[in-house]
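A.B. asks: Here is my input; please provide its structure:
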Amino acid sequence: MAGDVVSDEKVTLVMEREAEGVRAALMENQKVVSFYFQSDSRDIRVGDLYLGKVLDNRLGQVGWFMDLGNGRSGFLPSHKYVSDCAPQAGELRLVQVDKEARDHKEAELTEHVQITGKSIVFLPKSAYVAVSKRIAEGRGERLKTKVSGWCSAGEGAIIRTYAEDQDVDALYEEFSRLKKIWNSMRQQAECETSPKRILRPFSFISAILNENHFPSTCSIVANFDLNEDELPEHTDIRIKNNENPFIALHLEPIYQAALHPFVPLESGASLAIEYTETLTAIDVNSGSMLFQNNWEATAYKINCIAAREIARQLRLRQIGGMIVIDFLRMKEESDRNRLLLELENSTKTDPSAVHVYGYSNLGLVEITRKRQRYGLRDRAVDRLKKNKGFIDR
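C.D. replies: Now for the predicted structure:
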């Protein structure tokens with residue numbers, strides 16, 4: 001496979017099985033935009049639905065630990081249960097994995113269940129209807145009115161970007177199918193007497209495509225056999241057994257670079273990305289950049305370059321949770337505000353929700369990115385721990 005060139009399809013997913021699990025690279029227009037990793041040792045995945053048993057070791061007022069069966073466990077925060085009665089020890093309850101286990105923390109669970117389709121997410125326990133911001137306002141309002149009429153009391157839905165080009169009949173068919181899935185799972189749970197997994201809605205591949213809004217056309221390169229029934233129509237599949245797609249497609253250097261803290265920018269500036277169990281800290285360094293007696297203008301230029309690269313790195317490395325950024329200091333309020341706008345605009349295309357909160361009292365920019373699955377950032381943290389806190393640059 002050496003020398004292979006990825007074709008001109010807009011989206012390409014490269015999958016490679018290795019000793020610890022499966023890693024994946026999502027490419028758009030032949031450029032890597034995201035790396036993913038699924039460990040064979042982690043069996044609890046985002047979206048899985050479990051019938052969990054409430055344990056008696058409640059963590060104060062914070063939440064409840066739950067037995068998920070077969071030695072698996074999770075944690076249900078107090079703000080993520082939805083019934084009138086708080087969970088009681090020994091009780092069986094339907095829960096969904098909201099965040100995968102990481103940093104010695106249990107998988108986080110929720111009772112705000114989501115049954116996900118291409119165009120619609122059915123919310124059996126959440127009484128609201130939301131519309132993707134990427135759908136035109138008029139079209140979105142019309143769809144919201146239609147979908148709201150399909151929901152029974154206490155139910156809701158999220159209308160996804162893919163719905164914009166679908167006719168109403170197709171949307172209703174999908175909504176009905178998702179509701180049937182939920183009813184079937186609920187009936188199954190009522191017949192069970194012990195904790196167990198009720199549903200795994202997505203394989204690793206379909207989960208990646210789902211998180212990236214199900215591209216209409218996609219090509220997949222893998223070094224292991226795939227279940228073609230779960231893949232979208234018009235998917236070009238190329239199986240390369242006993243080969244290393246990351247090496248053949250020249251992705252290995254990009255992948256290894258994404259595990260390291262140093263990111264060079266143009267003109268000698270750089271980023272330093274450091275992980276802790278609590279947050280990710282990003283430092284912008286001017287390096288050898290010449291300021292030519294105009295600090296403010298040069299600092300603003302470097303910061304804007306850094307903001308665009310930070311947005312790219314967040315998605316590339318699957319960095320989530322709390323993120324603080326130490327940009328080069330600027331005195332002008334207008335420049336500081338323009339920089340925040342640059343950061344917001346640069347993260348708009350990220351399929352995971354990114355919120356820019358602004359400057360802290362110490363002058364650091366605070367943002368969050370939705371974190372769900374164990375990813376490249378978490379793998380880097382694990383490597384840091386094994387190397388006693390250091391990664392060779």
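A.B. asks: Residue 69 touches residue 194, doesn't it?
C.D. replies: Yes: Residue 69 is within contact range of residue 194, at 6.6 Å (criterion: CB atoms under 8 Å). For the C-beta atoms, the positions are set from N, CA and C on the backbone; glycine is no exception.
A.B. asks: Between these two, tell me which one has more neighbours.
C.D. replies: Legend: neighbour count by other CB atoms under 10 Å for residue 69 and residue 194, higher for residue 69 (16 against 9).
A.B. asks: tell me the contacts of residue 214?
C.D. replies: 118, 162, 232 (CB atoms under 8 Å, 6 or more residues apart in numbering).
A.B. asks: Angles on the backbone of it, please.
C.D. replies: Dihedral pair for residue 214: phi 40, psi 80, per degrees, to the nearest 10.
A.B. asks: That one and residue 320, how far apart?
C.D. replies: Taking CB to CB, to the nearest Å as the measure, residue 214 falls 21 Å from residue 320.
A.B. asks: quick revisit: return the entry from the contacts of residue 214 with the maximum number of neighbours.
C.D. replies: Most surrounded of the contacts of residue 214: other CB under 10 Å gives residue 162, at 20 neighbours.
A.B. asks: For that one, give me the pLDDT.
C.D. replies: For residue 162, the pLDDT comes out at 88.
A.B. asks: quick one: contacts for it?
C.D. replies: 118, 119, 213, 214.
A.B. asks: Contacts for stretch 119-132, please.
C.D. replies: So stretch 119-132 is contacted by 82, 111-116, 140-141, 143-144, 147-148, 151, 153-164, 166, 170-171, 174-175, 178-179, 181-182, 186 (CB under 8 Å, 6+ apart).
A.B. asks: Among those residues, which are located in strands?
C.D. replies: Counting by DSSP state E, the contacts of stretch 119-132 place 115, 116, 156, 157, 158, 159 in strands.
A.B. asks: ok, of those residues, which come out buried?
C.D. replies: 115, 116, 156, 157, 158, 159 (16 or more other CB atoms under 10 Å).
A.B. asks: May I see those residues arranged in a markdown table, with distance to residue 92 and pLDDT as well?
C.D. replies: Output for these, formatted as a markdown table (distance: CB to CB, whole Å; pLDDT from 0 to 100):
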| residue | distance to residue 92 | pLDDT |
| --- | --- | --- |
| 115 | 20 | 97 |
| 116 | 24 | 94 |
| 156 | 24 | 98 |
| 157 | 27 | 98 |
| 158 | 27 | 97 |
| 159 | 32 | 97 |
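A.B. asks: Roughly how far does the residue lying farthest from the centre of the chain sit from residue 349?
C.D. replies: Residue farthest from the centre of the chain, counting by CA atoms, centre = their mean, is residue 293 at 42.6 Å. Distance of residue 293 to residue 349, computed by CB to CB: 37 Å.
A.B. asks: before we move on, what SS does the residue farthest from the centre of the chain have?
C.D. replies: With DSSP: H, G, I helix; E, B strand; the rest coil as the basis, the three-state label of residue 293 is coil.
A.B. asks: Against residue 203, how distant is the residue nearest to residue 225 when sequence neighbours are not counted?
C.D. replies: What sits nearest to residue 225 in space, not counting adjacent residues and going by CB to CB, 6 or more residues apart in numbering, is residue 239, at 6.3 Å. Distance, residue 239 to residue 203, by CB to CB: 16 Å.
A.B. asks: And for residue 277?
C.D. replies: According to CB to CB, residue 277 and residue 203 sit 29 Å apart.
A.B. asks: Neighbour count for the two, which is higher?
C.D. replies: More crowded of residue 277 and residue 203, by other CB under 10 Å: residue 203, with 15 against 11.
A.B. asks: Just to check, that one is in contact with residue 227?
C.D. replies: Yes: if you go by CB under 8 Å, residue 203 and residue 227 touch, sitting 6.8 Å apart.
A.B. asks: Wasn't residue 323 part of a strand?
C.D. replies: Yes: counting by three-state DSSP, one finds residue 323 located in a strand.
A.B. asks: Bridged to it, which residues?
C.D. replies: Counting by DSSP bridges, residue 323 forms beta bridges with residue 280, residue 367.
A.B. asks: ok now do it, which residues does it touch?
C.D. replies: Contacts of residue 323 (CB under 8 Å, 6+ apart): 279, 280, 281, 282, 314, 366, 367, 368, 369.
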